[in-house]
Structures are given as structure tokens and as C-alpha cells.
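In: Got a sequence here, can you build the structure:
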Amino acid sequence: METILSSTITAIGLMLGLAFLGIGIGIGILGSKVAEAIGRNPETKADVVHSIMTLMIVLTIFLLFLFAFVFLLLYFNPLLT
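Out: Residues are numbered from 1 along each chain as shown. Got it, this is the predicted structure:
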């Protein structure tokens with residue numbers, strides 16, 4: 001039972017770490033592309049920022065779903081039957 005719990009905690013740590021790493025890299029690349037797009041065509045700043053904020057909201061919702069899944073694994077582990 002301790003092996004299953006330690007494996008679950010390790011998997012949760014890896015999931016959260018890789019998720020935050022991926023989101024951080026993605027937001028950095030997205031920010032650079034937004035700056036590049038606004039630099040090339042400043043008239044479209046409102047449209048670009050609006051679409052990027054929509055994308056960031058969706059990304060945040062996916063991160064909250066990941067947290068919900070992690071807490072589900074922590075407290076209702078299906079491997080401990």
C-alpha cells in the first residue's frame with residue numbers, strides 16, 4: 001500500500017511539474033508572438049489582445065481541471081481497492 005501511495009505522489013508531482021513547465025514555455029512563446037504581431041501591425045492590438053486573453057482563460061480552465069484531477073487522485077485513489 002505504501003508503494004502505491006508513493007507512486008501516486010510521484011506521478012502527481014510529475015504531472016504538476018510538467019504541466020507548469022509546459023504552460024510557462026507556452027505563455028513565453030505566446031507573449032513573444034503577440035509582441036511581434038503588435039509590433040508589425042499596431043492597429044490590430046485590441047483584436048490580438050482579446051484573442052490572447054480568451055486563449056489564456058481556456059488555458060487556466062484546463063489547469064484547474066488538472067488540479068481537480070490531482071485532488072481526485074490524492075483523496076479517491078482507484079488503485080487502493
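In: Could you list the low-confidence segments of the protein?
Out: Within the chain, the ranges that satisfy pLDDT under 70 run 81.
In: Select the longest helix from this structure.
Out: In the chain, taking DSSP state H as the definition, the longest helix is helix 2-40.
In: Now that one: buried residues?
Out: By 16 or more other CB atoms under 10 Å, the buried positions in helix 2-40 come out as 8, 23, 34, 37. Quick note: C-beta positions are derived from backbone N, CA and C, even for glycine.
In: Run a quick check on the first one versus residue 72, I expect a contact.
Out: No: when contacts are counted by CB atoms under 8 Å, residue 8 is not listed as touching residue 72 (11.1 Å).
In: related to what we said a few turns ago, which neighbouring elements make contact with the longest helix of the chain?
Out: Secondary-structure packing of helix 2-40 (3 or more CB pairs under 8 Å, 6 or more residues apart in numbering; DSSP states H and E): helix 45-75.
In: Show me which positions of the helix it packs on end up buried.
Out: Buried positions in helix 45-75, judged by neighbour count with 16+ other CB under 10 Å: 48, 52, 70, 73.
In: What separation do you get for residue 66 and residue 72?
Out: For residue 66, the distance to residue 72 equals 10 Å [CB to CB, to the nearest Å].
In: Quick one: work out the angle between the longest helix of the chain and helix 45-75.
Out: Here the directions of helix 2-40 and helix 45-75 differ by 180 degrees (axes from the mean of the first three to the mean of the last three CA atoms, to 10 degrees).
In: Give me the residues contacting stretch 63-72.
Out: By CB atoms under 8 Å, 6 or more residues apart in numbering, the residues outside stretch 63-72 that reach it are 12, 15, 16, 19, 23.
In: With only the CA atoms kept, save that stretch in PDB.
Out: Output in PDB follows, covering the C-alpha atoms of stretch 63-72 (Å, rounded to 0.1, in the frame of the first residue of the first chain):
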ATOM      1  CA  LEU A  63      -5.100  24.000 -15.400                       C
ATOM      2  CA  LEU A  64      -7.900  24.000 -12.900                       C
ATOM      3  CA  PHE A  65      -9.200  20.700 -14.400                       C
ATOM      4  CA  LEU A  66      -5.700  19.300 -13.800                       C
ATOM      5  CA  PHE A  67      -5.800  20.400 -10.100                       C
ATOM      6  CA  ALA A  68      -9.300  18.800  -9.800                       C
ATOM      7  CA  PHE A  69      -7.900  15.500 -11.200                       C
ATOM      8  CA  VAL A  70      -4.900  15.700  -8.900                       C
ATOM      9  CA  PHE A  71      -7.000  16.100  -5.800                       C
ATOM     10  CA  LEU A  72      -9.300  13.300  -7.100                       C
END
